[in-house]
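1. build the 3D model from these lines:
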Amino acid sequence: MNVLEQCHLCPRECGVNRLAGQTGYCGMPGEIVVARASLHMWEEPCISGTRGSGTVFFTGCPLKCVYCQNRNIAIGKTGKRISVERLSEIFLELQEKGAHNINLVTPTHYVPPILDALRLAKERGLFIPIVYNTGSYEKVETIRSMEGLIDIYLPDCKYFDPEIAEKYSNAPDYYEVASTAIKEMVRQVGKPGFEGGLMKRGVIIRHMILPGHTKDSRKVIEQLYRTYGDDVYISIMNQYTPLPQMAHYPEINRRITEREYDRTVDFAISLGIENAFIQEGETAKESFIPDFEEGVGIDRSEEE
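-> Now for the predicted structure:
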């Protein structure tokens with residue numbers, strides 16, 4: 001049986017037949033749906049480099065956080081259905097444009113066809129590193145199926161407190177699920193490896209601070225460091241942007257303050273963390289929220 005005929009790719013365990021047009025929590029059919037494929041300069045410096053990360057933004061999401069900065073694609077409002085063949089071509093086109101890597105953004109619910117597309121593209125000359133960019137609400141079995149094809153894992157670790165995770169992501173088991181998935185990611189790719197300032201292998205764990213929730217942020221960061229030490233990089237992000245739907249969540253309907261961010265970074269330093277990325281200056285702006293309505297890079301004839 002094709003796994004998409006009874007989908008259990010993510011912890012939502014919907015069990016729907018996506019090949020027959022049924023949709024579960026992610027809202028997506030069995031076909032691959034892509035919102036955008038382009039060179040992206042707004043990842044960590046060792047991922048974006050000087051030429052950009054070859055990002056492929058997949059439509060739909062197993063989390064759908066209420067504050068999502070990519071909300072239109074997370075809830076399935078934009079995107080185009082493409083074949084495995086076309087996805088493999090997109091990977092190669094991004095490589096030809098100079099991408100330092102192929103960056104699979106929110107790929108969980110498409111893992112089986114992505115695997116096929118990666119194998120096909122590698123047979124045709126794809127050689128740059130593959131990045132798996134995820135919110136980390138992942139089943140270990142799904143992550144394990146990617147072993148040998150993923151060079152860099154770029155997972156979030158969003159919450160420690162189950163009540164916060166339930167309120168904003170409808171996932172009270174988030175920390176337990178994410179921490180187990182991240183453990184498998186680290187097992188697969190090991191310690192960070194760099195070449196010319198670019199990451200070629202390893203794990204960067206992202207944590208975006210939410211307004212008024214720095215206590216939870218400290219718990220996340222402490223647990224990550226006590227678990228992995230300097231075997232991973234931790235990226236502490238200040239780019240939270242309150243979008244219009246945040247009017248329903250007044251407690252996070254603002255940007256984080258400089259004090260909130262600085263105190264969180266100081267806490268990380270006090271733990272002894274050395275392998276970290278921090279954001280400086282005005283990073284919470286539209287640069288992090290591309291216009292996915294354009295569908296850039298999806299059609300063969302399209303020129304950016």
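2. let me know the helix or strand that Leu87 is in.
-> Using DSSP states H and E, Leu87 falls within helix 84-96.
3. tell me which other helices or strands that helix touches.
-> On a contact count with 3 or more Cβ pairs under 8 Å, 6 or more residues apart in numbering; DSSP states H and E, helix 84-96 meets strand 32-40, strand 53-58, strand 102-105, helix 111-123. (C-beta placed from N, C-alpha, C; glycine too.)
4. what residues sit buried inside the longest one?
-> For helix 111-123, a neighbour-count test (16 or more other Cβ atoms under 10 Å) marks 111-114, 116-118, 120-121 as buried.
5. can I get the residues you listed in JSON lines with pLDDT and distance to Leu94?
-> JSON lines is the format used below for the buried residues of helix 111-123 (pLDDT from 0 to 100; distance: Cβ to Cβ, whole Å):
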{"residue": "Val111", "pLDDT": "98", "distance to Leu94": "19"}
{"residue": "Pro112", "pLDDT": "98", "distance to Leu94": "21"}
{"residue": "Pro113", "pLDDT": "98", "distance to Leu94": "17"}
{"residue": "Ile114", "pLDDT": "98", "distance to Leu94": "14"}
{"residue": "Asp116", "pLDDT": "98", "distance to Leu94": "18"}
{"residue": "Ala117", "pLDDT": "98", "distance to Leu94": "12"}
{"residue": "Leu118", "pLDDT": "98", "distance to Leu94": "13"}
{"residue": "Leu120", "pLDDT": "98", "distance to Leu94": "15"}
{"residue": "Ala121", "pLDDT": "98", "distance to Leu94": "10"}
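6. what's the closest of those to Pro192?
-> Nearest to Pro192, judged by Cβ to Cβ, of the buried residues of helix 111-123 is Leu118 at 21.7 Å.
7. contacts only, for the closest one.
-> 88, 91, 126, 130, 149 (Cβ atoms under 8 Å, 6 or more residues apart in numbering).
8. show the buried residues in those.
-> Here, 16+ other Cβ under 10 Å leaves 88, 91, 126, 130 buried among these.
9. just checking, what packs against the worst-scoring helix or strand of the chain on mean pLDDT?
-> None of the helices or strands of the chain scores lower by mean pLDDT, DSSP states H and E than helix 71-74, at a mean of 91. Contacts defined by 3+ Cβ pairs under 8 Å, 6+ apart place helix 71-74 against strand 32-40.
10. what lines up beside the strand it packs on in the sheet?
-> Counting by DSSP bridges, the strands paired with strand 32-40 are strand 53-58 (antiparallel), strand 80-82 (antiparallel).
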